[in-house]
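*Asks:* Quick one: sequence plus predicted model below, questions after.
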Amino acid sequence: MQQNRGTRLPKKLRLYMYLWREKNTQMTTLNKYDRVCRTVSNPLDARYRVMKKLSVLLCIFLLSACAPSEVPSNTLVERNGIKYEGISQMPFTGVSTEYYENGQLKEKRTYKDGAQNGLGASYYENGQLMEKITVKDESGILVRYRDNGRLWSKVTYKDGKEHGLSESYHENGQLDNKSTYKDGKKNGLSEWYHENGQLANKETYKNGEAYGPVDGYYKNGQLKYKMNYKDGEQNGLYETYYTNGQLTEKRTYKDGAQNGLGASYYENGRLEKKWNWKDGKLHGLWEGYYENGELRDKTIWKDGKQHGPSEWYRQNGQLRDKKIWKDGKEHGPSENYHENGQLNLKNTYKDGELNGLQRAYHTDGQEKDWSPYCYQNDKEADMSKCK
């Protein structure tokens, strides 16, 4: 009997089945290829990430290796104006630091070849900035602050010397002073201000010396004084004023020393005293007055020392004292008077010491019981020494 081999599929259906198997085969190949690619690429990605991390760490290491060294400030020593670290013979380059006991940073300075170069700062114990400085080749700006954070001063340097505008400030933040420097010396206009912002003083400098007029003002803007300088020394008229504008005093200067007549006045405008100076020393007549206009005293001066007769008066015009001077010392008779004008005490001096009889009197003119006394070389002596 012949074997049954089954029913043969139609040709068209067999074609469809063939194409379906080919498609699945291709997809399987593609999937395998994709898995292989992922399997190969993953290690590369991992190595890349590792290399990237290593590169970052290497950069950090190199930067830290190249960064300037940091040392405590007390390890630096100065020799001939150059900073060294301990006994090192190489000028220090790096950063110095100092701390408060509470761990707060106190100071930080940057050096190059033994000199400050770059940024520097110091701090108050509460952490508030005290000063900051920017230096390059001994030139830069130093700024200081108060402990409340307000600006205190600002100074510009060039080649280690003040050069350019310099400013300082009051505690309330108002400008205190502004001056211009050149090669470490004041040069040009310098102005000072009161805390209310009103101008207090203005003067001009030339190569560090005051030059020309100088004016000072009260807080209300009223003129306080005026003077003149030449080559750093006072020259010419000097005048001061009360807050009401009334003249207080006037003097004359020559080459920095008082020379010539001078006078001072009470606030009501009356003369208080008048004098004469010669080469910076009192010379000639001196007279002083009470506010009511009465003469108070008059003395004679010679080369800065009292020399000749002098008299003092009470406010009612009554004579109080009368003396003789020689080279700044009492020499000759000396008399003191009661308020009623009667003689009170009479002495004799020699080279500033009591020498001779001393007599004392009551207001009625009668000599006191214990009078007289005898003096020799400013000491009490036996009466026989005074006869």
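*Replies:* The structure has been received and is ready for your questions.

*Asks:* Show me the shaky parts of the stretch 251-387 of the chain.
*Replies:* For the stretch 251-387 of the chain, no stretch is flagged by pLDDT under 70.

*Asks:* For Asp303, see how far away Gly352 is.
*Replies:* 17 Å (CB to CB, to the nearest Å). Where C-beta positions appear, they are placed from N, C-alpha and C, glycine not excepted.

*Asks:* Which pLDDT value belongs to Leu57?
*Replies:* If you check Leu57, the pLDDT there is 54.

*Asks:* now Gly160
*Replies:* pLDDT recorded at Gly160 is 88.

*Asks:* My guess is it contacts Glu138. True?
*Replies:* Yes. Between Gly160 and Glu138 there is a contact under CB atoms under 8 Å: 4.1 Å.

*Asks:* three-state assignment of Thr243?
*Replies:* coil (DSSP: H, G, I helix; E, B strand; the rest coil).

*Asks:* wouldn't it be in contact with Leu223 here?
*Replies:* No. Assessed by CB under 8 Å, Thr243 is found out of contact with Leu223, at 9.9 Å.

*Asks:* what residues are up against Asn201?
*Replies:* The contact partners of Asn201, by CB atoms under 8 Å, 6 or more residues apart in numbering, come to 191-192, 214-217.

*Asks:* And the residues you listed, which of them are buried?
*Replies:* 192, 214, 216-217 (16 or more other CB atoms under 10 Å).

*Asks:* which stretches of the chain form helices?
*Replies:* For the chain, the helices defined by DSSP state H cover 11-66.

*Asks:* And Gly375, how far from Lys106?
*Replies:* Not Gly; residue 375 is Tyr. 68 Å.

*Asks:* What sits closest to Glu191 if chain neighbours are left out?
*Replies:* Counting by CB to CB, 6 or more residues apart in numbering, Glu191 lies nearest to Lys202, which is 4.8 Å off, once chain neighbours are set aside.

*Asks:* so who does that neighbour touch?
*Replies:* 189-192, 214-215.

*Asks:* same thing but at 7 Å, please
*Replies:* 189, 191, 215 (CB atoms under 7 Å, 6 or more residues apart in numbering).

*Asks:* repeat for Tyr111
*Replies:* 83, 92-94, 96, 117.

*Asks:* now do 10 Å
*Replies:* 68-69, 71, 76, 82-85, 91-96, 117-118, 120, 135 (CB atoms under 10 Å, 6 or more residues apart in numbering).

*Asks:* Filter the contacts of Lys202 down to just the ones in strands.
*Replies:* Secondary structure from DSSP state E places 189, 191, 215 of the contacts of Lys202 in strands.

*Asks:* okay if I get those as CSV plus pLDDT and distance to Asp369?
*Replies:* Below are the ones in strands among the contacts of Lys202 laid out as CSV (pLDDT from 0 to 100; distance: CB to CB, whole Å):
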residue, pLDDT, distance to Asp369
Leu189, 95, 73
Glu191, 97, 70
Asp215, 97, 64
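
*Asks:* any common contacting residues for Gly160 and Glu138?
*Replies:* Shared contacts of Gly160 and Glu138, counting by CB under 10 Å, 6+ apart, come down to 115-116.

*Asks:* Count residues in the vicinity of Tyr169, would you?
*Replies:* Neighbours of Tyr169 under the rule other CB atoms under 10 Å: 21.

*Asks:* do the same with Tyr375
*Replies:* 21.

*Asks:* Look up the residues forming beta bridges with it.
*Replies:* Gly356, Glu380 (DSSP bridges).

*Asks:* Isn't Asn340 up against Leu319?
*Replies:* No. If you go by CB atoms under 10 Å, Asn340 and Leu319 don't touch, sitting 11.2 Å apart.

*Asks:* So which bits of stretch 141-149 are buried?
*Replies:* In stretch 141-149, the ones that count as buried by 16+ other CB under 10 Å are 142-146.

*Asks:* again, but for stretch 282-298
*Replies:* Neighbour-count burial for stretch 282-298 [16+ other CB under 10 Å]: 282-283, 286, 288-290, 296-298.

*Asks:* can I get these in JSON lines with distance to Gly197?
*Replies:* Below are the buried residues of stretch 282-298 laid out as JSON lines (distance: CB to CB, whole Å):
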{"residue": "Leu282", "distance to Gly197": "41"}
{"residue": "His283", "distance to Gly197": "44"}
{"residue": "Trp286", "distance to Gly197": "42"}
{"residue": "Gly288", "distance to Gly197": "39"}
{"residue": "Tyr289", "distance to Gly197": "39"}
{"residue": "Tyr290", "distance to Gly197": "40"}
{"residue": "Arg296", "distance to Gly197": "42"}
{"residue": "Asp297", "distance to Gly197": "44"}
{"residue": "Lys298", "distance to Gly197": "46"}
